[in-house]
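S.K.: Return a 3D structure for these sequence lines:
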Amino acid sequence: MWLGKPYIRVLLTLLFITMIWIYVKYFNQIMGVKSDPMQVIHKEESSINSINEHVNVEKITIGVYYEALCPDSRGFIMRDLKPTYDKIPNNIIIELIPYGKATTNIGPDGYEFKCQHGARECEANMIHACAIDIITNPSVQLNFITCMIDRNVWPIKITRTCAEKMNIEAEPILNCAKSIKGSELLAKYGKMTDALRPPVTYVPTVTLDKDSANQAAILINLLREVCKRFKTPPAGCL
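M.R.: Numbering: from 1, shown residues only. Reported below is the predicted structural model:
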């Protein structure tokens, strides 16, 4: 049966598309690309979009100067900090500084710390300092600290409990806390706390982009105060 011109055009178009597809696939095999050509194109477009999103994301840094056994620190982290992070995780950077109103002295045997809630708090602060140093993923780090501070009266026990719950190795954290590294980390946080201006008079003290103004408002509604600082508030603020 004779095929009319429309059919010929369709066949030629299909033939042309097939030849292009074969050429692209053969070229990718030569270049070592094993994926389907269209998948490669979509993957590259996705990567470009992802890069653009990260470049354009506005971020606020929240600094939390706290104590591991302080009831107000516990309340703030569990009721305000964690929920705020969960709502706008891509728009905030959290810096945890476990020290508060502690003091640091360097004696013959090394660092000596005194903490507002006693020696057990110094132990807990040091474990927190080591956990923050070892756990580099921001979300995992905050979840671990939140888990610990909920029942931090037994620091070593809660470290193991939270580590098991979150599939994290507890021993590197505990070993760090028993070593000179733990003391150095806590001393570092002491210097950061002492350098804050105005000085810490209440625990927790919270800074937004290094600014410690409006403490009362921040402690009452962290999310609202953070969202005020965005030029274009993210969806979690609305």
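
S.K.: From here on, just use CA atoms for contacts and neighbour counts.
M.R.: Fine.

S.K.: Distance of the residue most central in space within the chain relative to Asp150?
M.R.: Closest to where the C-alpha atoms of the chain average out (C-alpha atoms, centre = their mean) is Pro138, at 1.9 Å. Going from Pro138 to Asp150 by C-alpha to C-alpha, to the nearest Å gives 18 Å.

S.K.: do the same with Gly107
M.R.: Distance from Gly107 to Asp150, by C-alpha to C-alpha: 33 Å.

S.K.: Please identify which of these two sits among more neighbours.
M.R.: Asp150 (16 against 8; other C-alpha atoms under 10 Å).

S.K.: and that one, what is it in contact with?
M.R.: 74, 78 (C-alpha atoms under 8 Å, 6 or more residues apart in numbering).

S.K.: pLDDT value on it, please?
M.R.: Turning to Asp150, the model gives it a pLDDT of 95.

S.K.: least trustworthy helix or strand in the chain by mean pLDDT?
M.R.: Least confident helix or strand, the chain: helix 37-56 with a mean of 47, by mean pLDDT, DSSP states H and E.

S.K.: Which parts of this structure are helices?
M.R.: 5-30, 37-56, 71-76, 82-87, 119-134, 138-150, 155-166, 171-177, 180-194, 215-220, 222-227 (DSSP state H).

S.K.: where among the ones you listed is the average confidence lowest?
M.R.: helix 37-56 - the lowest mean pLDDT of these, at a mean of 47.

S.K.: Count the neighbours of Met148 for me.
M.R.: 26.

S.K.: same thing with Tyr85?
M.R.: Quick note: Tyr85 (other C-alpha under 10 Å) scores 20 neighbours.

S.K.: Surely it is in contact with Met78?
M.R.: No: in this structure Tyr85 lies outside contact range of Met78 using C-alpha atoms under 8 Å: 10.8 Å.

S.K.: hang on, the earlier thing: contacting residues around the residue lying closest to the residue nearest to the centre of the chain once chain neighbours are set aside?
M.R.: Leaving aside its sequence neighbours, Pro138 sits nearest to Ile94 (C-alpha to C-alpha, 6 or more residues apart in numbering; 7.5 Å). By C-alpha under 8 Å, 6+ apart, Ile94 lies in contact with 61-64, 138.

S.K.: at 7 Å what do you get?
M.R.: Shown in contact with Ile94 (C-alpha atoms under 7 Å, 6 or more residues apart in numbering): 61-63.

S.K.: likewise Ile60?
M.R.: Ile60 neighbours (C-alpha under 7 Å, 6+ apart): 91-93, 208-209.
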